[in-house]
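> Dropping the sequence and predicted coords here.
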Amino acid sequence: MDLDTPAIIAAVLPHGEHGAVVRFLTENDGLIAGYVPGGRSRALRPVLQPGNGVAVRLRARAASQLASAAVELVRGRTVLATGRISAAALDWLSALTATALSEASPSPRLYAALDGLLDAMTFAEEASQWLPGVVRYELLLLAELGFGLDLTACAATGETSDLAFVSPKSSQAVGRDAGAPYAAKLLPLPAFLLGPAPASTGDITDGLRTSGWFLERDVLLGRAAALLPARQRLVGML
């Protein structure tokens, strides 16, 4: 491996006495792990924080070898750790990204979406301005992994207007009238997931309920117990 690339830090694990193994989300090479010598030092600890944007240089002599990584801070986002909701969202987004994605599987759309969402979290005045982006990121991750929802038309009638539910069985949208008799068995589909629309706290909670159901069923198999407490903390703050 011989790679120089922008990256987002997704996870940091102590390794040895002074180093750290870091999982980087890159635009064109996906999730890549690298060993950062001195990664636990006073100089590098502020750099190696989940969510930070960095320039990373990865070198390895063999494909099976853990790459050595040199890291330079490009976009610091440690301010996110100082807010209750932003810290909870950062913990969840980082854990989800680092765990759900396969190594070296490129996903430029996910990289761009996460980078933009983290910027929005950093600069927005209110959490309500970026919380809908968390739901959209989760749905995009589902789609990139092959578990995307079809929200284009009602599964029962084919109608494209007044969609209000999602079928947990088919992963398809359901119209308000068609789904009304089965509402208790369906998942909510808030309007902000269908186009430009304001999102209330209830709408965001509904969106998280729906995306979370599919994440737990399709992506977090065997890993939900370890990951979902971070998401539950976020949902509990809304």
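Noted; the coordinates are in hand.
> From I204, how far off is A173?
According to C-beta to C-beta, to the nearest Å, A173 and I204 sit 18 Å apart. Using the backbone N, CA and C atoms, a C-beta is placed for each residue, glycine as well.
> The two: which is more packed in?
Each of A173 and I204 has its neighbours counted (other C-beta atoms under 10 Å); A173 has more, 26 against 20.
> Only the C-alpha atoms, please, for the top strand by length along the chain, written as PDB.
Counting residues, the longest strand in the chain under DSSP state E turns out to be strand 2-15. Output in PDB follows, covering the C-alpha atoms of strand 2-15 (Å, rounded to 0.1, in the frame of the first residue of the first chain):
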ATOM      1  CA  ASP A   2       1.200   3.500  -0.900                       C
ATOM      2  CA  LEU A   3      -1.600   6.000  -0.400                       C
ATOM      3  CA  ASP A   4      -1.900   9.700   0.400                       C
ATOM      4  CA  THR A   5      -5.500  10.800   0.800                       C
ATOM      5  CA  PRO A   6      -8.000  13.000   2.800                       C
ATOM      6  CA  ALA A   7      -9.800  11.000   5.400                       C
ATOM      7  CA  ILE A   8     -12.300  11.100   8.300                       C
ATOM      8  CA  ILE A   9     -11.200   9.400  11.500                       C
ATOM      9  CA  ALA A  10     -13.900   6.800  12.300                       C
ATOM     10  CA  ALA A  11     -12.300   5.000  15.300                       C
ATOM     11  CA  VAL A  12      -9.100   5.000  17.400                       C
ATOM     12  CA  LEU A  13      -7.900   2.000  19.500                       C
ATOM     13  CA  PRO A  14      -4.800   2.100  21.700                       C
ATOM     14  CA  HIS A  15      -2.100  -0.200  20.500                       C
END
